[in-house]
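Chemist: Sequence and predicted structure are below.
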Amino acid sequence: MALDGLKRRILGSVGLLKGKRKIDEETIKELSRSLRKALLEADFNVRQSKELTERIERRMIEEEPRPGVKLETHAMNLIYSELVRILGPPKVIKPHNQTVLMVGLYGQGKTTTAAKLAEWWRKNHSAKVAVIEADVHRPGAFQQLSQLLEGTGVEVYGEPEANDAAVVVRNGLGKVGTADVVIIDTAGRDSLDGDLKDELIEIAEIANASERFLVIDAQVGQAAGPMATTFHELVGVTGTIVTKLDGTARGGGALSAVATTGAPIVFVGEGERIGDLEKFESDRFISRLLGMGDIKGLIDLAPDDLDEQEAMRLAQRLMSGRFTLTDMYAQMEMMSKIGTLDKVLSHLPDTMFGGMGNMSVAQKRHMQSNLVKYRVVMDSMTQEEKDDPLLLKSKRIRRIARGSGCDEKDVKDLLSQWNRSKKMMRGMRGDRKLRRQMQSMMDFDGDLGPG
Ligand SMILES: Nc1nc2c(ncn2[C@@H]2O[C@H](COP(=O)(O)OP(=O)(O)OP(=O)(O)O)[C@@H](O)[C@H]2O)c(=O)[nH]1
Ligand SMILES: [Mg+2]
């Protein structure tokens, strides 16, 4: 993952709090200075770095950590929530009736990203997608785009011999404008000179696009802010796409651009191939960036009565291999305590609950009502049975159903749910990447030092 440098420096800054029980003014100042330096080095702009650290400083003074939460963890949580705040809430883009205009400077990845986006919508939403190549300046642009999309079923419109981009856009819309999503790729330049400005304004007017995406190379650095402002003034940027996050240790510049335009990051590019596109979710991005993992986010969202240690213990149990009904009960209880399943699921690795993150709203509701039922059933079981559900034979299942006022089917459903979860947990244990992730989350509390 990119932005490794920032992570290391933030951890280093927070490490200043190590072993401290109470926060003093001097330490806060030092932390603040160190954080600001970390942000600047990751290409956040000066104003933004200042605002961010001032907010964190103020919150460090005003907000007490929850009982049992270490100062370092507290600081980390504040930094996390402030970074997420900068990036704003996620943007929903409907896969129909959508015209997307791609803009950006020379070589940032517009054409590649136009193709990636087209394929993303086609594949994930079965949308009918077309791309119009409106770059009449770069020789071979149409060919580049066609090659990227070869064999995907995305329609490509272009006029390789044309020299008026506005005409190409008008013709293209006439030809493929009925697709669910139409993406328009435009020309880039070293800087936005007069000609390109006029051309872009004209295209934007004809396209009347519902989204205008600014494509920024993660390496752009401090220049990102002013560049974003210029494009924003021309076309009104609605979304930011950061490319080449696979190849750089920075990227703060792109984050600055977001703060400048207010246009959230919608996707990130992580490679040259057509599939190397990721939908952007700020909380996941930041927790990954800070190496906190997704469980950490879950804990931050939990109400005070869900104690942090309990959650950690549960995570550890889940990874330990033993998985009793009681463990599943705890897992369910934790989820129901937190209340909205959605929030929890969005913070867990997909694998952990068998891709529940992809469940529909109706499916999630169904799951929530099951939780209540299962709990009643389990209250009628002995401890032994909960520890080893395989002990339950049909006669006993009937008794439990009667005792809990449920149907036999409910008891059986619970048992098969347990069976499925157990298999999933086993699968998780075999997932080395996930294990490592979980391990680092569990170590997180005690291990905050630079490096
Ligand atoms: N590693 C990596 N390379 C990328 C990514 N996105 C684009 N590229 C590469 O960056 C180079 C430029 O990409 P293009 O899509 O042609 O950029 P552009 O903005 O259309 O360029 P112009 O049309 O010349 O303005 C190509 O070599 C791409 O393969 C990415 O996410 N990761
Ligand atoms: Mg291009």
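Modeler: That came in fine, so what should we check first? Numbers count the residues shown, from 1 in each chain. Ligands and ions are numbered 1, 2, ... in the order given.

Chemist: Select the longest helix from the chain.
Modeler: helix 408-430 (DSSP state H).

Chemist: What helices and strands are in contact with it?
Modeler: Here helix 408-430 touches helix 308-320, helix 325-338, helix 361-379, helix 394-404, helix 432-444, going by 3 or more CB pairs under 8 Å, 6 or more residues apart in numbering; DSSP states H and E. Yep, even glycine has a C-beta here, placed from its N, CA and C like the rest.

Chemist: Considering these, which stretch scores lowest in mean pLDDT?
Modeler: Among the helices and strands packed on helix 408-430, helix 432-444 carries the lowest mean pLDDT, a mean of 56.

Chemist: touching ligand 1 at all, stretch 147-167?
Modeler: No: judged by CB under 6 Å from any ligand atom, stretch 147-167 stays clear of ligand 1, getting no closer than 8.4 Å.

Chemist: and for that stretch, what are the contacting residues?
Modeler: 111-112, 115-116, 118-119, 122, 128-136, 141-143, 145-146, 168, 171-172, 175-176, 179, 186-187, 199, 202-203, 206, 274 (CB atoms under 8 Å, 6 or more residues apart in numbering).

Chemist: Generate a ChimeraX selection restricted to the buried subset of those residues.
Modeler: Per 16 or more other CB atoms under 10 Å, the buried members of the contacts of stretch 147-167 correspond to this ChimeraX selection:
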select :111,112,115,116,118,119,122,128,129,130,131,132,133,134,135,136,141,142,145,146,168,171,172,176,179,186,187,199,202,203,206,274
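
Chemist: So which residues of the stretch 1-150 of the chain form helices?
Modeler: For the stretch 1-150 of the chain, helices defined by DSSP state H, counting those that start in this stretch occupy the ranges 4-14, 25-41, 46-62, 71-87, 110-125, 141-148.

Chemist: and the second one, C-alpha only, in CSV?
Modeler: As requested, C-alpha coordinates have been extracted for helix 25-41 and formatted as CSV (Å, rounded to 0.1, in the frame of the first residue of the first chain):
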residue,chain,number,x,y,z
GLU,A,25,1.0,20.6,27.2
GLU,A,26,4.6,20.2,26.1
THR,A,27,4.0,16.7,24.8
ILE,A,28,0.9,17.8,22.9
LYS,A,29,2.9,20.5,21.3
GLU,A,30,5.7,18.1,20.4
LEU,A,31,3.1,15.6,19.0
SER,A,32,1.5,18.3,17.0
ARG,A,33,4.8,19.5,15.5
SER,A,34,5.8,16.0,14.6
LEU,A,35,2.5,15.3,13.0
ARG,A,36,2.6,18.4,11.0
LYS,A,37,6.0,17.4,9.7
ALA,A,38,4.7,14.0,8.8
LEU,A,39,1.8,15.5,6.8
LEU,A,40,3.9,18.0,5.0
GLU,A,41,6.4,15.3,4.0
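
Chemist: could you check the angle helix 71-87 makes with that helix?
Modeler: Here the directions of helix 25-41 and helix 71-87 differ by 40 degrees (axes from the mean of the first three to the mean of the last three CA atoms, to 10 degrees).

Chemist: do the same with the shortest one
Modeler: Interaxial angle, helix 141-148 versus helix 71-87 (the same axes, to 10 degrees): 130 degrees.

Chemist: Kindly report the same for the third one.
Modeler: Orientation of helix 46-62 against helix 71-87 (the same axes, to 10 degrees) gives an angle of 140 degrees.

Chemist: Sticking with the closest residue to Gly236 other than its chain neighbours, tell me its helix or strand.
Modeler: Spatial nearest neighbour of Gly236, excluding adjacent residues (CB to CB, 6 or more residues apart in numbering): Arg212 at 5.9 Å. Take DSSP states H and E as the rule and Arg212 turns out to sit in strand 211-217.

Chemist: which strands and helices sit next to that strand?
Modeler: strand 98-103, helix 110-125, helix 224-235, strand 239-243, helix 252-261.

Chemist: So what are the sheet partners of the first one and their directions?
Modeler: Meaning strand 98-103. strand 181-185 (parallel), strand 211-217 (parallel) (DSSP bridges).

Chemist: Tell me the pLDDT of Met428.
Modeler: With respect to pLDDT, Met428 scores 63.

Chemist: meant to ask about Val92, not that
Modeler: Listed pLDDT for Val92 reads 82.

Chemist: how much space between it and ligand 1?
Modeler: According to CB to the nearest ligand atom, to the nearest Å, Val92 and ligand 1 sit 23 Å apart.

Chemist: for Ile23, same thing?
Modeler: Distance check for Ile23 against ligand 1: by CB to the nearest ligand atom, it reads 41 Å.

Chemist: Just give me the neighbour total for that residue.
Modeler: Residues contacting Ile23 under the criterion other CB atoms under 10 Å number 17.

Chemist: For Glu202, give me its contacts.
Modeler: Taking CB under 8 Å, 6+ apart as the test, what Glu202 contacts is Ala165, Ala166.

Chemist: about what we covered before: out of the strands paired with strand 98-103, the one nearest Ala224 is which?
Modeler: Ranking the strands paired with strand 98-103 by proximity to Ala224 (CB to CB) places strand 211-217 first, at 5.8 Å.

Chemist: So Glu270 sits against Leu277, correct?
Modeler: Yes: counting by CB atoms under 8 Å, Glu270 does reach Leu277; the two are 7.4 Å apart.

Chemist: Can you tell me which residues in the stretch 201-350 of the chain are near ligand 2?
Modeler: By CB under 5 Å from the ion, no residue of the stretch 201-350 of the chain approaches ligand 2.

Chemist: Tally up the residues packed near the one residue in the stretch 201-350 of the chain that gets nearest to ligand 2, please.
Modeler: At 9.3 Å from ligand 2, Val215 is the closest residue in the stretch 201-350 of the chain, using CB to the ion. As a burial measure, Val215 scores 28 neighbours (other CB under 10 Å).

Chemist: same deal with the one 10 residues further on?
Modeler: Using other CB under 10 Å, Gly225 is surrounded by 24 other residues.

Chemist: Touching, it and Val258? I think so.
Modeler: No: using CB under 8 Å as the test, Gly225 is too far from Val258 to be in contact (9.6 Å).

Chemist: hmm, back to that, packed most tightly, which of the helices and strands packed on strand 211-217 would that be?
Modeler: A comparison of these by mean neighbour count, using mean count of other CB atoms under 10 Å, puts strand 239-243 on top with a mean of 27.

Chemist: That strand and ligand 1 in contact?
Modeler: Yes: Strand 239-243 lies within reach of ligand 1 by CB under 6 Å from any ligand atom, at Thr243.

Chemist: Could you tell me which residues of the stretch 1-150 of the chain lie near ligand 1?
Modeler: So the stretch 1-150 of the chain meets ligand 1 at Gly104, Tyr106, Gly107, Gln108, Gly109, Lys110, Thr111, Thr112, Asp135, Arg138 (CB under 6 Å from any ligand atom).
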